[in-house]
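> output the structure for:
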Amino acid sequence: MFCYTVACSIECVTQEMLLWSRISSEHPSFLLTVARLTGKRLSKSIVDELKKADGKFEENHDCVKRFADMLYGGHKDIQSDGVDIKVCMRKFLSADKDFIETLIKLKEYGKKDGVWQALIEHIEKEQRYMYRLVETLLMQMA
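Residues are numbered from 1 along each chain as shown. Here you go, the predicted model:
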């Protein structure tokens, strides 16, 4: 973690968002792959939710990346260029909230598979941590 939940600079917030938006963007496709490889028969609605989460997190990472490119590219007034890290952060929180709800539904699959349950639990804890971190950083930037 770059900021230790203290928004000491826009750079540390940007680095946190680059890190966590990338990790989040990898989770849905990773879960789909593990489910396929372990024979989990996920419902179409769960598969659709995971694909939707994947898309939202990819878009979010792209939003943060655009902001970082402008920030480190020396743009004087980033917000006037239509990119605002706070917008990216709010989008992350929305996507993360939806994804956590999907993770809770995923626990219904493979209840006797301890590895699957541990994986879902780990990702859920990580996503909840990210949510609290981003929410805390966003409040400090208000």
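
> the residue nearest in space to the middle of the chain - nearest residue in space that isn't next to it in sequence?
For the chain, the residue sitting closest to the mean C-alpha position, by CA atoms, centre = their mean, is S24 at 3.4 Å. With CB to CB, 6 or more residues apart in numbering as the criterion, S24 has its nearest non-adjacent residue at 4.5 Å, and that residue is F57. (C-beta placed from N, C-alpha, C; glycine too.)

> tell me the contacts of the one you found?
S21, S24, S25, H27, P28, F92, A95, F99 (CB atoms under 8 Å, 6 or more residues apart in numbering).

> let's see it at 7 Å
S21, S24, S25, P28, A95 (CB atoms under 7 Å, 6 or more residues apart in numbering).

> show me the two of those residues that sit farthest apart.
The span of the contacts of F57, defined through CB to CB, is set by S21 and P28 at 12.8 Å.

> helices or strands next to whatever helix or strand S25 lives in in the packing?
Taking DSSP states H and E as the definition, S25 sits inside helix 10-37. Packing partners of helix 10-37 (3 or more CB pairs under 7 Å, 6 or more residues apart in numbering; DSSP states H and E): helix 44-72, helix 85-106, helix 114-141.

> among the ones you listed, which comes closest to T33?
Closest approach to T33 among the helices and strands packed on helix 10-37 is made by helix 44-72 (10.4 Å; CB to CB).

> for the closest one, the distance to its chain's centre please.
8 Å (CA atoms, centre = their mean, to the nearest Å).

> which regions of this structure sit below the pLDDT cut-off?
1-4, 74-83 (pLDDT under 70).

> try 80
1-6, 74-83, 142 (pLDDT under 80).

> how close does the residue nearest to the centre of the chain sit to L119?
15 Å (CB to CB, to the nearest Å).

> next one: L37
12 Å.

> so for these two, which sits in the more crowded spot?
L119 (19 against 8; other CB atoms under 10 Å).
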